[in-house]
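Student: Predicted model and sequence follow; I will ask about them next.
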Amino acid sequence: MTTSVSKPQTLPLARAINESLRTALEADPKVIVMGEDVGKLGGVFRVTDGLQKDFGEDRVIDTPLAESGIVGTAIGLALRGYRPVVEIQFDGFVFPAYDQIVTQLAKMHARALGKVKLPVVIRIPYGGGIGAVEHHSESPEALFAHVAGLKVVSPSNAADAYWMMQQAIQSNDPVIFFEPKRRYWDKSEVDREAIPAPLHAARVAREGGHATLAAYGPMVKVCLEAAAAAEEEGTSLEVVDLRSMSPIDFDTVQRSVEKTGRLIVVHEAPVFLGTGAELAARITERCFYHLEAPVLRVGGYHAPYPPARLEEEYLPGLDRVLDAVDRSLAY
């Protein structure tokens, strides 16, 4: 008797999430997908394309345009033993549901002394780079990472998107799953037979020796491009993909910084009070005697997201990352 082994597939990030949701729906009848236009339309980015057709309107549910109601319904379903996966259509639309997420979803487990589980996944396409209008290009991850009781993650490639969605759905804690929308069509290999890393573990995406670049989601690709460009000038940059913003895998970053002596944190969100600020503080505490330069941060500006024609001036790009590397190496 022979056993079939599925071959790795090259998939866009959006398709990897679709396949992951399909796998979860097939494996557990308690998994429900719900959100605005996720059913017949398949989502505005087609991430849920075909799921309602295959699993029915009771499993893949088109909801009213009411984010607070969507999340409130998901909380009720979770209390009754379901595992709802909620889509917030765009990052800037999540704020009507922020009260439900922060005051109910994040707190019920602790309020019930651990007797209540809230296995809710909230999918949020986030970030810029697609030329969208106002409220469609936000990076609000720090607002959720600050809230105790929530797990906050973001994949940077299709393989991580597939496995991290599986792990998020299986988690008994609420997970805010930020999807880098401008990477939806970037392809990479997905091996369904692989043993995935833990959901909140960072990974070294590229080895290097002169400085560490730490990023997550959409900025990992930018940092890898920066490392490739720096290599042509004889500079060796290590790239750490954080993958999780709450909790943060400080140990992996610490090991990298102890090797390189320098750290630059890169994210699309504004630098002020962002993930980079927490990393800078923690790594300075942990690696003070290993650091050859201050921890630097590269990110968005502390201003409302600009109109689409100006977003390339706002978003961190290759030049700003490499400028920070030069400043770090100059110490």
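Tutor: Sure thing, it's come through.

Student: and the gap between the residue nearest the centre of the chain and residue 246?
Tutor: Taking C-alpha atoms, centre = their mean, the centroid of the chain lies closest to residue 154, which sits 1.1 Å from it. Applying C-beta to C-beta, to the nearest Å, the value for residue 154 to residue 246 is 11 Å. Backbone N, C-alpha and C define where each C-beta goes, glycine included.

Student: re the thing from before, list the contacts for the residue nearest to the centre of the chain?
Tutor: Residues in contact with residue 154, defined by C-beta atoms under 8 Å, 6 or more residues apart in numbering, are 126, 141, 177, 178, 179, 180, 216, 217, 243, 244, 245.

Student: any chance you could read off phi and psi for the fourth one?
Tutor: Translated: residue 178. phi -90, psi 120 (degrees, to the nearest 10).

Student: How about it, nearest residue that isn't a chain neighbour?
Tutor: Closest residue in space to residue 178, ignoring its immediate chain neighbours: residue 154 at 4.1 Å, by C-beta to C-beta, 6 or more residues apart in numbering.

Student: distance of that neighbour from residue 51?
Tutor: For residue 154 relative to residue 51 (C-beta to C-beta), the value is 22 Å.

Student: Repeat that for residue 45.
Tutor: Relative to residue 51, and taking C-beta to C-beta, residue 45 is found at 13 Å.

Student: residue boundaries of the strands in the stretch 151-300 of the chain?
Tutor: Taking DSSP state E, counting those that start in this stretch to define them, one finds strands in the stretch 151-300 of the chain at 151-153, 175-180, 187-190, 203-206, 211-215, 237-241, 244-246, 263-270, 296-300.

Student: again, but for the stretch 1-150 of the chain
Tutor: Using DSSP E, counting those that start in this stretch, strands in the stretch 1-150 of the chain cover 9-12, 31-35, 60-62, 83-87, 121-126.

Student: Show me what the shortest one is in contact with.
Tutor: For strand 60-62, contacts defined as C-beta under 8 Å, 6+ apart pick out 25, 32-40, 48, 51-52.

Student: Does residue 230 touch residue 325 like I think?
Tutor: Yes: if you go by C-beta atoms under 8 Å, residue 230 and residue 325 touch, sitting 6.2 Å apart.

Student: Could you check which of these two has the larger neighbour count?
Tutor: Between residue 230 and residue 325, counting by other C-beta atoms under 10 Å, residue 325 is the more crowded of the two (25 against 22).

Student: Okay, and the more buried one sits in which element?
Tutor: In the assignment (DSSP states H and E), residue 325 maps to helix 318-329.

Student: could you say what helices and strands that helix packs with?
Tutor: Under the contact definition 3 or more C-beta pairs under 8 Å, 6 or more residues apart in numbering; DSSP states H and E, helix 318-329 sits against strand 211-215, helix 219-232, strand 263-270, strand 296-300.

Student: could you check the angle strand 175-180 makes with the second one?
Tutor: Translated: helix 219-232. Helix 219-232 runs at 50 degrees relative to strand 175-180, counting by axes from the mean of the first three to the mean of the last three C-alpha atoms, to 10 degrees.

Student: helices or strands next to helix 219-232 in the packing?
Tutor: strand 203-206, strand 211-215, strand 237-241, strand 263-270, helix 318-329.

Student: Can you mark which positions in that helix are buried?
Tutor: Residues of helix 219-232 classed as buried: 219, 220, 221, 222, 223, 224, 226, 227, 229, 230 (neighbour count, 16 or more other C-beta atoms under 10 Å).

Student: is it possible to export the residues you listed to CSV including distance to residue 78 and pLDDT?
Tutor: Output for those, formatted as CSV (distance: C-beta to C-beta, whole Å; pLDDT from 0 to 100):
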residue, distance to residue 78, pLDDT
219, 31, 98
220, 31, 98
221, 34, 98
222, 36, 98
223, 36, 98
224, 37, 98
226, 41, 98
227, 41, 98
229, 46, 97
230, 46, 97
